[in-house]
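Engineer: sequence plus the predicted model coming up.
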Amino acid sequence: QVWLVESGGGLVQAGGSLRLSCVASGRTFSTYRMTWFRQAPGKEREFVATITWNGVSKEYRDSVKGRFTISRDNAKNTVYLQMNSLKPEDTAVYYCGSYYSGSVYYERSYNYWGQGTQVTVSS
């Protein structure tokens, strides 16, 4: 069992920044890949960024490349998402997921999720 708790969301103007955190407890955090997804109203949950267990390999969806940075601190059981130059289209509930199996880009490959944190970007 893994428990994930996201925080750091809020309301920000376009061009601003936010840093999301996801704290894990339960299973050994340092052994598994972690990923951020987001879900806007009326849309499916979509992949944002992923990081391997050791932090060496990272991937991003095209629309956030150069603006978002995923990182992790295994000593603190925490994965982060630094979001800069935010745009209104980044508005969504952001979720962190614990990877299980399959393609990292699809939510069905994840077996544990946090409750989400709302990010709202005003124009």
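Structural biologist: Received it, and whenever you're ready, just let me know what you need.

Engineer: any idea which residue sits dead centre in this structure?
Structural biologist: Per Cα atoms, centre = their mean, the C-alpha nearest to the average position across the chain is that of residue 36, at 2.2 Å.

Engineer: name the helix or strand for it, please.
Structural biologist: Element membership for residue 36 (DSSP states H and E) is strand 34-39.

Engineer: related to what we said a few turns ago, for residue 123, see how far away the residue nearest to the centre of the chain is.
Structural biologist: Per Cβ to Cβ, to the nearest Å, residue 36 is found 23 Å from residue 123. C-beta here means a position set from N, CA and C on the backbone, and glycine is covered the same way.

Engineer: and residue 62, by the same measure?
Structural biologist: Taking Cβ to Cβ, one finds residue 62 at 21 Å from residue 123.

Engineer: neighbour count: those two, which is higher?
Structural biologist: Counting neighbours by other Cβ atoms under 10 Å for residue 62 and for residue 123 shows that residue 123 has the greater number, 9 against 6.

Engineer: what is the neighbour count of residue 120?
Structural biologist: 15.

Engineer: ok, it - contacts?
Structural biologist: When contacts are counted by Cβ atoms under 8 Å, 6 or more residues apart in numbering, residue 120 touches 9, 10, 11, 12, 91.

Engineer: which one of those residues sits closest to residue 111?
Structural biologist: Closest approach between the contacts of residue 120 and residue 111, by Cβ to Cβ: residue 9, at 23.0 Å.

Engineer: what pLDDT does the model give that closest one?
Structural biologist: Here the pLDDT value assigned to residue 9 is 98.

Engineer: verify the stated contact: it with residue 22.
Structural biologist: No. Under the criterion of Cβ atoms under 8 Å, residue 9 makes no contact with residue 22, lying 11.2 Å away.

Engineer: which of those two has more neighbours?
Structural biologist: The residue with more neighbours, out of residue 9 and residue 22, is residue 22; 26 against 19, by other Cβ under 10 Å.

Engineer: and the more buried one, what are its bridge partners?
Structural biologist: On DSSP bridges, the residues paired with residue 22 through beta bridges are residue 6, residue 79.
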